[in-house]
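Novice: My questions concern the predicted model and sequence given below.
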Amino acid sequence: MPRQAVPQKLLRWYDRHARVLPWRARRGEVADPYRVWLSEIMLQQTTVRAVAEYFSTFLIRWPRVEDLAAAPLDEVLAAWAGLGYYARARNLHKAARTIVEEWGGKLPASHEDLRTLPGVGDYTASAIAAIAFDLPHAAMDANAERVVARLFAVREVLPKAKPALRKLGQSLVPAKRAGDFAQAMMDLGATLCTPKRPACPACPLNGNCEARRLGLQDVLPMKGRKAPRPLKRGAAFVARDAEGAVLLVRRASTGLLAGMDQPPLGAWSDRFPSREQALSEAPFKAPWRKRAGLVRHGFTHFELEIEVYETVVARRPKCEGRWVADLDKAALPTVMRKIIGAGPRRR
C-alpha cells in the first residue's frame, strides 16, 4: 500500500466533511491551545455528544486558563458533575495552575513538556501537540486505532496491538497539516470506519484498505474478552428537611469519586445489609423508609446496586454534613443523583 497516498486522500476528504465541533478551529483559523487541551481532557473515555455542552459551559465560566486556575476546586467539580471520571476535573484544575505558575499561562508546545502536566498521558500529549501546535504526532484514540488496524489488517488483539498501531499510525502522519490529519482520522473512525457495519463504499481510503481487500473490515480490530465486573451492594440514606434541602456529605479527597458530594452511604459488600444493619449505618435516628426498587450504576471496574432509605425531618438533627437546597450547585456524580432521585443535572 503506498502510504504517502493515505494522508493526501484523507485530508481532501476532511476538507469537505470535517465535523463542526465547538472546540475545533475552522479551516484557516489558528487552533486555540486552551480549547484543544480542555476538550481533550473532557473527551478522555467520553463521547463527543456528552462533552459538547460541558465544554461550552466551562468556556463561558472560565474562558482563559487563568480563569480556570483561579476558580475554587469545588466549583470546577460541581460544573463537571455528571461527566464522569472525576479525577480528570481535579487534574484539569491542578494543570491549569501549573500552566499559569510555571508556563506563564501558555500551554507548553512539546510532547515532552505536555506530558508533565497532571492528567496528560501519552495520547493526550500527542493530540494536543498535533492539533494545537501542528507537530507531527499520531493521535491514536480508539477511532484512529480502528482505522489503522483496518488499513494494515493488523490481527493482533487489543490492547496488545496498541504499540504496533501507534507505530503504523505515526508512519502516516504528514509533515504538514498534522493537526488536520489527526482530526481527520478521528472523524473517519467516528463517521465511516465505525465499529460495526463500516461504510466502506464511501470511505476515501477504501482502495488502500487491506482489511477490506481481505474481507476483514467487520472483525478488525480484534479485541480480547473483557473480564466480568464484580457486583457490590449497599445502602444509602436520603434525608430531606421541611423545605426540601438534602443532607450531603463530602467523599474522601482520594479514591473513587474523590472530593465529590453524596448522601450518606453505608459500606459496600457482595450482599445487601439487613434493615437492622443498614439503619445502624444511618447518619441519625429517624423513621427511615426503604424506597421501592434499586439504584444500579456501572463503574469501570465494578457494578453497584444500592437500596435507598428515605426520611423527611421537621428539624435538622445534629449530624455530619450540610443541607443543600439547590442540588445543581453541588458536585454530585450521576450515581448520587440517581440515589437522591434528583434527575439529570440542568445545564
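Specialist: Received the coordinates, thanks.
Novice: Now do the strands in this structure.
Specialist: Using DSSP state E, the strands found in the chain span residues 231-241, 246-250, 261-262, 289-290, 295-298, 303-313, 322-324.
Novice: between these, which gets nearest to residue 55?
Specialist: Nearest to residue 55, of all these, is strand 261-262, at 22.6 Å by Cβ to Cβ. Placement of C-beta: from N, CA and C, glycine included.
Novice: Show me the domain layout of the protein.
Specialist: Domains of the chain are assigned by automatic domain parsing as 1-13+139-225, 32-133, 231-339.
Novice: any chance of those domains in CSV, with mean neighbour count, mean pLDDT and distance to residue 23 too?
Specialist: Shown next, in CSV, are the domains of the chain (neighbours: other Cβ atoms under 10 Å; pLDDT from 0 to 100; distance: least, Cβ to Cβ, whole Å):
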stretch, mean neighbour count, mean pLDDT, distance to residue 23
domain 1-13+139-225, 18, 94, 10
domain 32-133, 18, 95, 4
domain 231-339, 16, 94, 23
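Novice: Format those as CSV; extra columns: distance to residue 24.
Specialist: CSV is the format used below for the domains of the chain (distance: least, Cβ to Cβ, whole Å):
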stretch, distance to residue 24
domain 1-13+139-225, 7
domain 32-133, 8
domain 231-339, 27
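Novice: residues touching residue 336, list them.
Specialist: Neighbouring residues of residue 336 by Cβ atoms under 8 Å, 6 or more residues apart in numbering: 260, 261, 262, 263.
Novice: now do residue 282
Specialist: By Cβ under 8 Å, 6+ apart, the contact set of residue 282 is 237, 264, 288, 309.
Novice: show me the contacts for the third one.
Specialist: Residue 288 sits next to 237, 279, 282, 309, 310, 311 when contact means Cβ under 8 Å, 6+ apart.
Novice: wouldn't the last one be in contact with residue 285 here?
Specialist: No. With contact taken as Cβ atoms under 8 Å, residue 311 and residue 285 are classed as non-touching, separated by 9.8 Å.
Novice: Need the residues touching each of those two.
Specialist: Overlap of the contact sets of residue 311 and residue 285 (by Cβ under 8 Å, 6+ apart) is empty.
Novice: can you put the strands of the chain in a markdown table and add distance to residue 121?
Specialist: Converted to a markdown table, those look like this (distance: least, Cβ to Cβ, whole Å):
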| stretch | distance to residue 121 |
| --- | --- |
| strand 231-241 | 28 |
| strand 246-250 | 28 |
| strand 261-262 | 28 |
| strand 289-290 | 43 |
| strand 295-298 | 23 |
| strand 303-313 | 26 |
| strand 322-324 | 34 |
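Novice: and residue 137, what pLDDT?
Specialist: The model reports residue 137 with a pLDDT of 97.
Novice: Pull the contacting residues for it.
Specialist: 111, 125, 126, 127, 129, 130, 170, 173, 178, 182.
Novice: how much space between it and residue 216?
Specialist: 28 Å (Cβ to Cβ, to the nearest Å).
Novice: likewise residue 174?
Specialist: Taking Cβ to Cβ, one finds residue 174 at 26 Å from residue 216.
Novice: now swap in residue 152 and tell me
Specialist: Computed as Cβ to Cβ, the residue 152 to residue 216 distance reads 11 Å.
Novice: all helices of the stretch 201-347 of the chain, in order?
Specialist: For the stretch 201-347 of the chain, the helices defined by DSSP state H, counting those that start in this stretch cover 210-214, 275-280, 334-340.
Novice: Distance check, residue 126 against residue 117.
Specialist: Using Cβ to Cβ, residue 126 is found at 13 Å from residue 117.
Novice: should've said residue 84
Specialist: From residue 84 across to residue 117, the span is 21 Å (Cβ to Cβ).
Novice: swap in residue 257?
Specialist: For residue 257, the distance to residue 117 (Cβ to Cβ) stands at 23 Å.
Novice: for residue 131, same thing?
Specialist: Noted for residue 131: a distance of 15 Å to residue 117, by Cβ to Cβ.
Novice: Please compute how far the biggest helix by length in the chain lies from its chain's middle.
Specialist: The residue-count maximum for a helix in the chain (DSSP state H) belongs to helix 87-103. In terms of Cα atoms, centre = their mean, to the nearest Å, the centre of helix 87-103 is set 17 Å apart from its chain centre.
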